[in-house]
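**Student:** model this:
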Amino acid sequence: MVRQLTAIIEKEGGGFVALCPEVDVASQGESVAEARDNLKEALELFFETASQEEMNSRLHNEVYITRVEVAVG
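**Tutor:** Okay, the predicted model is just below:
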C-alpha cells in the first residue's frame, strides 16, 4: 500500500527539519533533499513498527496548510 503524506520542511540553523503533520513524525538533514529522504525513512519505520492502535490514534486524514496575514508591530 502507498499513502500520500505531507512534508513540511524548514531551515533551522545550519540544516533543515522535515515534519509530517498527519502522524507527527519529524526528521532532519543538511539539505532539503536529505531532510525529505530522512523523513521518508522515519515514516516507513513508523508504519512498520507502530501498532494499529497507535496508527489509528495518530493518523490525521485531513491536514490543511495555508498562509494567514497578521498585523506585526
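**Student:** just how off-centre is the strand or helix carrying residue 55 within its chain?
**Tutor:** Using DSSP states H and E, residue 55 sits within helix 52-58. Its chain's C-alpha centre and that of helix 52-58 lie 16 Å apart, by Cα atoms, centre = their mean, to the nearest Å.
**Student:** outside of that helix, which residues touch it?
**Tutor:** With Cβ atoms under 8 Å, 6 or more residues apart in numbering as the test, helix 52-58 has contacts from 23, 24, 47, 50. Backbone N, C-alpha and C define where each C-beta goes, glycine included.
**Student:** Among those, which ones are in helices?
**Tutor:** Among the contacts of helix 52-58, the ones falling in helices (DSSP state H) are residue 47.
**Student:** related to what we said a few turns ago, can I get the helix holding residue 55 in CSV, CA atoms only?
**Tutor:** Taking C-alpha atoms only, helix 52-58 is exported to CSV below (Å, rounded to 0.1, in the frame of the first residue of the first chain):
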residue,chain,number,x,y,z
GLN,A,52,-2.6,-0.5,14.5
GLU,A,53,-4.0,1.3,17.6
GLU,A,54,-1.1,3.8,17.6
MET,A,55,-1.5,4.4,13.8
ASN,A,56,-5.3,5.0,14.3
SER,A,57,-4.7,7.4,17.2
ARG,A,58,-2.0,9.4,15.4
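**Student:** Just say helix, strand or coil for the nearest residue to residue 20 once chain neighbours are set aside.
**Tutor:** Leaving out its chain neighbours, the residue that sits closest to residue 20 by Cβ to Cβ, 6 or more residues apart in numbering is residue 5, at 5.2 Å. At residue 5 the chain is in coil, as set by DSSP: H, G, I helix; E, B strand; the rest coil.
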